[in-house]
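J.: I'll drop the sequence and a predicted model, then ask my questions.
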Number of protein chains: 2
Amino acid sequence: MIDLERKRELYRLQAELCQTLADPTRLELLELLGEGPRPVKELVRATGQRQAKISQHLAVMRQRGIVVAERVGTEMHYSLADPRILDACHITRQMLIDRLRRQHALAEVVRGE
Amino acid sequence: MIDLERKRELYRLQAELCQTLADPTRLELLELLGEGPRPVKELVRATGQRQAKISQHLAVMRQRGIVVAERVGTEMHYSLADPRILDACHITRQMLIDRLRRQHALAEVVRGE
DNA sequence: TCCGTATATTCGAATCTACGAATGCTATCA
DNA sequence: TGATAGCATTCGTAGATTCGAATATACGGA
């Protein structure tokens, strides 16, 4: 690779992005936002978490450019900055589901012996 | 969703997987392993990092089932447990590259004024 | 069996992260 | 101009993470 520094910098940014995805609440929020823009109130309701917590997580994702916010009257509407983030999430999720299935199948075999 | 608990547990596991990806060295290792199984020595050489550091990161990924290790004579050969992990990485990376490009284009416009 | 190469583990310090609690800000409406 | 609803921010703390340094383990060859 010609520019090693640039490559390393990209890995650093990518790690930062992954770090932002590394929280169950944030993953749930992203899924919710996948269905379209949503006010904070609705996200709080759907997740059942405290308002401050949701707001903190939204702030993290906003700072990292994963979601964008827009004021609509008295509400703040959040949406995905780039829907491709969901593609990545769905791949990792499918990997997990497949792994769980394999483990389950293995457990069946062991149980049957 | 019928089983909210199961959904939450999946988000937890998914967050754990993302957490494992949230390190530049580990991302670099995954890319290297994408080209095929590699001995630790080679990974140390390619990254230019200390051996202990590489071994620690490999241990983390091994424990989380992202890579698998096999002894070959005196060496340990590591490989990807599921190549789909690279698909997810490439999506996030492409998102970053596109974002950087947009920022660059915007900088050009500003500079030209 | 002793040695060297290859790899793994342990430990401690520095740094980061998520959460609850409390508080602040802003727009609408009476 | 309060008052209220909706949301953001700050702060303190418990727990997690990363790294280097040191040390341990495993295997093949002499």
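T.: Thanks, I have the structure now. Residues are numbered from 1 along each chain as shown, chains lettered A, B, ... in the order given.
J.: what's the helix or strand for the residue nearest the centre of chain A?
T.: Centroid check for chain A by CA atoms, centre = their mean gives A:Leu27 as the closest residue, at 3.1 Å. Element membership of A:Leu27, judged by DSSP states H and E, is helix A:24-33.
J.: and that helix, C-alpha only, in PDB?
T.: Below are the C-alpha coordinates for helix A:24-33, written out as PDB (Å, rounded to 0.1, in the frame of the first residue of the first chain):
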ATOM      1  CA  PRO A  24     -27.500  -2.600  22.500                       C
ATOM      2  CA  THR A  25     -29.600   0.500  23.000                       C
ATOM      3  CA  ARG A  26     -28.000   2.300  20.100                       C
ATOM      4  CA  LEU A  27     -28.600  -0.800  17.800                       C
ATOM      5  CA  GLU A  28     -32.200  -0.800  18.800                       C
ATOM      6  CA  LEU A  29     -32.500   2.900  18.000                       C
ATOM      7  CA  LEU A  30     -30.900   2.400  14.600                       C
ATOM      8  CA  GLU A  31     -33.400  -0.300  13.800                       C
ATOM      9  CA  LEU A  32     -36.300   1.900  14.900                       C
ATOM     10  CA  LEU A  33     -34.900   4.800  12.800                       C
END
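J.: that helix and DNA strand D in contact?
T.: No. Helix A:24-33 is not in contact with DNA strand D by CB under 7 Å from any atom of the strand; minimum separation 11.2 Å. For glycine as for every other residue, the C-beta is placed from the backbone atoms N, C-alpha and C.
J.: who are the packing partners of the lengthiest helix in chain A?
T.: The residue-count maximum for a helix in chain A (DSSP state H) belongs to helix A:84-112. Under the contact definition 3 or more CB pairs under 8 Å, 6 or more residues apart in numbering or on different chains; DSSP states H and E, helix A:84-112 sits against helix A:4-21, helix A:24-33, helix B:4-21, helix B:84-112.
J.: buried sites along it?
T.: A:85-86, A:88-89, A:91-93, A:95-96 (16 or more other CB atoms under 10 Å in any protein chain shown).
J.: output these as a markdown table; include the columns distance to B:Gly112 and pLDDT.
T.: As requested, these are exported to a markdown table (distance: CB to CB, whole Å; pLDDT from 0 to 100):
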| residue | distance to B:Gly112 | pLDDT |
| --- | --- | --- |
| A:Ile85 | 31 | 98 |
| A:Leu86 | 35 | 98 |
| A:Ala88 | 34 | 98 |
| A:Cys89 | 38 | 98 |
| A:Ile91 | 39 | 98 |
| A:Thr92 | 41 | 98 |
| A:Arg93 | 43 | 97 |
| A:Met95 | 45 | 97 |
| A:Leu96 | 47 | 97 |
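J.: quick check, nearest of those to B:Glu70?
T.: Nearest to B:Glu70 among these, counting by CB to CB, is A:Met95 at 20.5 Å.
J.: list the contacts of the closest one.
T.: B:17, B:82, B:84-85, B:88 (CB atoms under 8 Å, 6 or more residues apart in numbering or on different chains).
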